[in-house]
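Student: the following block contains a protein sequence and its predicted model.
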Amino acid sequence: MALRFVAVVRKNLIPTVQFAIMENTVNAVREGATFTRDTAATFAPVDTGSFQASLYVNGPDDETDYPESVTAALDLNDRVNTVDEIRATDVDPKVPTVSHLGRKHHPHAIVASAVEHALYLEEGTVNMAPQPTFRPAALIGEHTFKELMMRVADGF
């Protein structure tokens, strides 16, 4: 005699779980990028403070604090050259733009600087040694982001 099992699905929670995972992932990306920006600010060399003030986050979901960062940098040094905003969606255009849930499949963000001399500080010049800001912040931010994503995974 064979045993029979019958399963009755009374409520499909898969879409709810998918949405919650996406929301938690977007929040982890946002929090990780903000943490990385704030960490970069601690490594930033300070002369006028314009470089430190110019650090911004773009993404996820096209969020940005670039305008505030440009204003803050110019308030500290009105002669600083600013650069156009780098958008996270422009850095990796292969990332799908919208999912069936109305959200980006792969939420992403970028941490950057709104001032031209950021590259010279990070890489150095023939007259100046490098003063890395983004590299050490990215290494620390990577660890934090992994912890945030572990929390997302542990939630389900």
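Tutor: Here it is on my side, so go on. The shown structure was predicted, so the numbers you read here are calculated from the model rather than taken from an experiment.
Student: lowest average confidence, helix or strand, in this structure?
Tutor: None of the helices or strands of the chain scores lower by mean pLDDT, DSSP states H and E than helix 88-91, at a mean of 80.
Student: dump that helix to CSV, keeping only the CA atoms.
Tutor: Taking only C-alpha atoms (Å, rounded to 0.1, in the frame of the first residue of the first chain), the coordinates of helix 88-91 have been written out as CSV:
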residue,chain,number,x,y,z
ALA,A,88,25.8,54.2,-11.5
THR,A,89,23.6,53.2,-14.4
ASP,A,90,26.2,54.7,-16.9
VAL,A,91,29.1,52.8,-15.4
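Student: how about low-confidence regions in this protein?
Tutor: 1, 93-105, 156 (pLDDT under 70).
Student: grab the longest helix from the protein for me.
Tutor: Identified as the longest helix of the chain according to DSSP state H is helix 14-43.
Student: in that helix, what's buried?
Tutor: Applying a neighbour-count criterion of 16 or more other Cβ atoms under 10 Å, the buried positions in helix 14-43 are 22, 24-26, 28-30, 32-33, 35-37, 39-41. Any C-beta I mention is one placed from the backbone N, CA and C, and that applies to glycine too.
Student: hang on, the earlier thing: C-terminal to the least confident helix or strand of the chain, which secondary structure element comes first?
Tutor: Note on helix 88-91: by DSSP states H and E, the next helix or strand toward the C-terminus is strand 110-113.
Student: who's the closest residue in space to T64 that isn't next to it in sequence bridged to?
Tutor: With Cβ to Cβ, 6 or more residues apart in numbering as the criterion, T64 has its nearest non-adjacent residue at 4.6 Å, and that residue is N58. N58 forms beta bridges with T64, I110, as assigned by DSSP bridges.
Student: returning to what we had before: what's the least confident helix or strand of the chain packed up against?
Tutor: Helices and strands touching helix 88-91, as assessed by 3 or more Cβ pairs under 8 Å, 6 or more residues apart in numbering; DSSP states H and E, are absent.
Student: what comes up buried for it?
Tutor: Within helix 88-91, the residues that count as buried by 16+ other Cβ under 10 Å are A88, T89.
Student: quick check, K146 in a helix?
Tutor: Yes: under the criterion used here (DSSP: H, G, I helix; E, B strand; the rest coil), K146 sits inside a helix.
Student: neighbours of it, just the number please.
Tutor: Under the neighbour criterion other Cβ atoms under 10 Å, K146 is assigned a count of 11.
Student: and it, how close does it get to G124?
Tutor: K146 sits 30 Å away from G124, taking Cβ to Cβ, to the nearest Å as the criterion.
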